[in-house]
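A.B. asks: what's the 3D shape of this:
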Amino acid sequence: MAYSHHALTIGLAAGLMFAPDTLVLFGNGLGGVGFLLILALPVSFLIHRCTIQSFRELQETSGDPLAGFRRLLGNRAASIAILAGRLPFAVCASAGLVVTAGFVFNEVFIYWFPNFTFAYLLLATVLLINLFRPQAVPYIQVISIALAGLGFVILAVAGLLQPAVTPSVSGSMSNIDYRYLAAAVIVLVGFDMGLYSGSEPRPIASQTARALALALVAGGAVLALWGLGAMAAVPSAKLESSTIPHMIVARKALGQPGRLIMGAAAIFGVFAAVNAMLFSIGATAAKLTESFESLSSVIIRVAALLFTAGASASLMLLGFAGEPVLETWIRGGMVLWLIYYMSINVAAYRIGAAPLQEIDGDRRKSSRSLLKGFAVFGSALGAAGLMLLEPEPKQMALFLVAATVAVSVLVFGVGYYATRFDHRMSKDHSRSATP
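C.D. replies: Below is the predicted model of the structure:
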């Protein structure tokens, strides 16, 4: 039983690591900085491992990490930070990813099948499973992640067996665009979705923390192996400039069979990413509203799922899918997610949870401060790299403000009406209890 729980945790934690957009970012980064990007992955692991520890420390104060975060910031401010960190990205990325899967299905498998029809069907399938079979979601997640990862490994090995075509990065070190190193931090984002392998956030015991860390190791190892295969098979310039480096690598590695393998792996990766995002958003919304007596956690979870999937479908209906502006919004959502990680580390440092009992002397206190600072600095570098690489910085800035304001309005609106209903219910109970 414990083994299955750890597998579910790993599957959800790795939800974004095998998505096609992750491979595009990683492939472009390989073209920009070459082997340095792979060398940066262990540093990225340490950054995110420190954040996992911060989640654990917040949990020690109130029983789960979200409650600990709310204890420090207050219910509404913490809810805004938590939802702004994931909801905007989930809405925009889900729309972009399912459309990507639709194009892959249309171009690789069945040419006559409309790509947007496939995109809507895929999004609807994920939504229906989350609505009516939520207990099956994590198990389906594990299968999807495993199949996507297997496809990447096969193509990576095939790429490594190809004759080397070019050095990873040509020229002197001064010609390297170090902004691409931010990709090492970004490609491992999303591990906190592994907290939702049940119907609500799971306590982060040492075994669960190890499962989250294992997801980071597994995701990083697969990406590193795929990166080595990509650099062996495809010239650096093509990796950096291509919008589909993963498909180019697949064709170079195995020809048409490689395209079929990558096509299937990409679709499974999209399913896993969208599934993990919807599942975790629903569980998060239910947890954040549990203090309101008038709100049913089941209804809130369903409403959150319908809102997220509906907003993604609306973006497709309005013609944003495939447009550069949606890609900017997705990158903006990732910046907000990294800011959320930074706030988790700052909160854990401020609140001083369970490890404080074990601290004896200034040396331990200093090392703890350094670890929190390292995690904040690393996440900040990832966010800064995204913003520096952004071709439309003004559009991204507008999105960051608009998304935060929209989430704030949503949180205050739900909180206002829920509080009113709670007061009304309290008065009704008082009247009925009065003789």
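
A.B. asks: following the helix or strand hosting residue 148, which helix or strand shows up next?
C.D. replies: Using DSSP states H and E, the element containing residue 148 is helix 137-160. Toward the C-terminus, helix 137-160 is succeeded by helix 182-186 as the next helix or strand (DSSP H and E).

A.B. asks: For residue 244, which non-adjacent residue is closest in space?
C.D. replies: Of all residues not flanking residue 244 in the chain, residue 24 sits nearest, at 7.0 Å (CB to CB, 6 or more residues apart in numbering). C-beta: built from backbone N, CA, C; applies to glycine.

A.B. asks: Surely the one you found and residue 247 touch.
C.D. replies: No - under the criterion of CB atoms under 8 Å, residue 24 makes no contact with residue 247, lying 9.7 Å away.

A.B. asks: in the helix or strand residue 376 falls within, what's buried?
C.D. replies: Using DSSP H and E, residue 376 sits within helix 362-389. When neighbours are counted by 16 or more other CB atoms under 10 Å, the buried residues of helix 362-389 are found to be 368, 371-372, 375-376, 378-379, 381-383, 385-387, 389.

A.B. asks: and of these, the nearest to residue 270?
C.D. replies: Comparing the buried residues of helix 362-389 against residue 270 with CB to CB places residue 386 closest, at 20.9 Å.

A.B. asks: circling back: what packs against the helix holding residue 376?
C.D. replies: Applying 3 or more CB pairs under 8 Å, 6 or more residues apart in numbering; DSSP states H and E, one finds that helix 362-389 makes contact with helix 35-62, helix 182-186, helix 324-351.

A.B. asks: and the angle for the helix or strand just after it with helix 362-389?
C.D. replies: The C-terminal neighbour of helix 362-389 among helices and strands, as given by DSSP H and E, is helix 393-433. Helix 393-433 and helix 362-389 meet at an angle of 120 degrees, taking axes from the mean of the first three to the mean of the last three CA atoms, to 10 degrees as the criterion.

A.B. asks: how far is helix 393-433 from where the chain is centred?
C.D. replies: Average the C-alpha atoms of helix 393-433, do the same for its chain, and the two points are 25 Å apart (CA atoms, centre = their mean, to the nearest Å).

A.B. asks: Then stretch 85-95?
C.D. replies: Offset of stretch 85-95 from its chain centre (CA atoms, centre = their mean): 9 Å.

A.B. asks: Show residues contacting it.
C.D. replies: Contacts to stretch 85-95, defined as CB atoms under 8 Å, 6 or more residues apart in numbering, come from residues 19, 21, 123, 273-274, 277-278, 280-281, 284, 308-309, 311-313, 315-316, 320-321, 326, 329-330, 332-334, 336-337, 339-341, 343, 399, 403, 406-407.

A.B. asks: Look at residue 179 and say how many residues are nearby.
C.D. replies: Per other CB atoms under 10 Å, the neighbour tally for residue 179 reads 18.

A.B. asks: what's near enough to touch it?
C.D. replies: Taking CB under 8 Å, 6+ apart as the criterion, residue 179 is in contact with 32, 385, 388, 389.

A.B. asks: If we only consider those residues, which is nearest to residue 159?
C.D. replies: Compare each of those with residue 159 using CB to CB and the shortest gap goes to residue 32, at 18.5 Å.

A.B. asks: name the element that closest one belongs to?
C.D. replies: When elements are assigned from DSSP H and E, residue 32 belongs to helix 20-33.

A.B. asks: tell me what that helix is packed against?
C.D. replies: Taking 3+ CB pairs under 8 Å, 6+ apart as contact, the helices and strands that helix 20-33 lies on are helix 35-62, helix 87-104, helix 182-186, helix 206-233, helix 236-241, helix 245-254, helix 256-288.

A.B. asks: worst average pLDDT in these?
C.D. replies: Taking each of those in turn, the lowest mean pLDDT turns up on helix 236-241, with a mean of 86.

A.B. asks: Buried among the contacts of stretch 85-95? Need that as a selection in PyMOL.
C.D. replies: Isolation of the buried members of those (16+ other CB under 10 Å) is achieved in PyMOL through the command below:
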select buried, resi 19+21+123+273+274+277+278+280+281+284+308+309+311+312+313+315+316+320+321+326+329+330+332+333+334+336+337+339+340+341+343+399+403+407
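
A.B. asks: Enumerate every residue touching residue 117.
C.D. replies: If you count contacts by CB under 8 Å, 6+ apart, residue 117 has them with residue 102.

A.B. asks: That one and residue 312: what is the separation?
C.D. replies: Counting by CB to CB, to the nearest Å, the separation of residue 117 from residue 312 is 15 Å.

A.B. asks: could you dump the contacts of residue 179 to a markdown table with distance to residue 222?
C.D. replies: As requested, the contacts of residue 179 are arranged in a markdown table below (distance: CB to CB, whole Å):
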| residue | distance to residue 222 |
| --- | --- |
| 32 | 20 |
| 385 | 22 |
| 388 | 27 |
| 389 | 23 |
